[in-house]
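Engineer: From the sequence below, what's the structure:
(one chain, ligands or ions: 1)
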Amino acid sequence: MQDILSQYETVTENAVKEWFKVGLTSDFPENSGACIKYKTKQIAVYNFARTGKWYACQNLCPHKMEMVLSLGMIGDKEGVPKVACPMHKKNFSLEDGSNLAGEDLKIATYPVKIKDGNVYIGFSD
Ligand code: FES
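Structural biologist: Numbering: from 1, shown residues only. Sure thing, here's the model as predicted:
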């Protein structure tokens, strides 16, 4: 179990080695999530059309190790963009991956870049 989780580590924009193209902006639903694959990772991508921002994080919910976060409801908590896991509704910040209830659960987040109508996610491996 731990091995599945350990392949996900937050990537900051400065640490990006590869901007991986995942599709056209129009391929992604508005105000909702989608899942893409990079090597062995499943990554959830969110198109916050309301604010014009995009976020990416591991698709794996660290609570019960379910690949479900792309199906979660998105929104914000006091201005912090978040996703709620569809299983037990744990809320994670899409800015830093922290659990918004202060629990010791964290998800990896990845930078997203939009260029010429294409969506890129930054990886460091
Ligand atoms: S599996 Fe995500 S909150 Fe329980």
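
Engineer: What residues does this structure have near the ligand?
Structural biologist: Residues of the chain found near the ligand (CB under 6 Å from any ligand atom) are 61, 63-64, 66, 85, 87-88, 90. To be clear about C-beta, it is placed using only N, CA and C from the backbone, and glycine gets the same treatment.

Engineer: Show me which pair in those residues is furthest apart.
Structural biologist: Farthest pair in the residues of the chain next to the ligand (CB to CB) is Glu66 and Lys90. Separation: 10.8 Å.

Engineer: Who has more neighbours out of these two?
Structural biologist: Legend: neighbour count by other CB atoms under 10 Å for Glu66 and Lys90, higher for Lys90 (20 against 15).

Engineer: residues touching the more buried one, list them.
Structural biologist: For Lys90, the contacting residues are 61, 63, 84, 99, 101, 103, 105, by CB atoms under 8 Å, 6 or more residues apart in numbering.

Engineer: Tell me which of those residues fall in helices.
Structural biologist: The helices in this structure, assigned by DSSP state H, contain none of these.

Engineer: Got a quick ChimeraX command for the buried subset of these?
Structural biologist: Here is the ChimeraX selection string for the buried members of these, based on 16 or more other CB atoms under 10 Å:
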select :61,63,84,99
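
Engineer: With pLDDT and distance to Gly33 as added columns, please give the contacts of Lys90 in TSV.
Structural biologist: Formatted as TSV, the contacts of Lys90 follow (pLDDT from 0 to 100; distance: CB to CB, whole Å):
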residue	pLDDT	distance to Gly33
Cys61	98	12
His63	97	17
Ala84	98	11
Asn99	98	18
Ala101	97	20
Glu103	96	21
Leu105	96	18
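
Engineer: Done for today, thanks.
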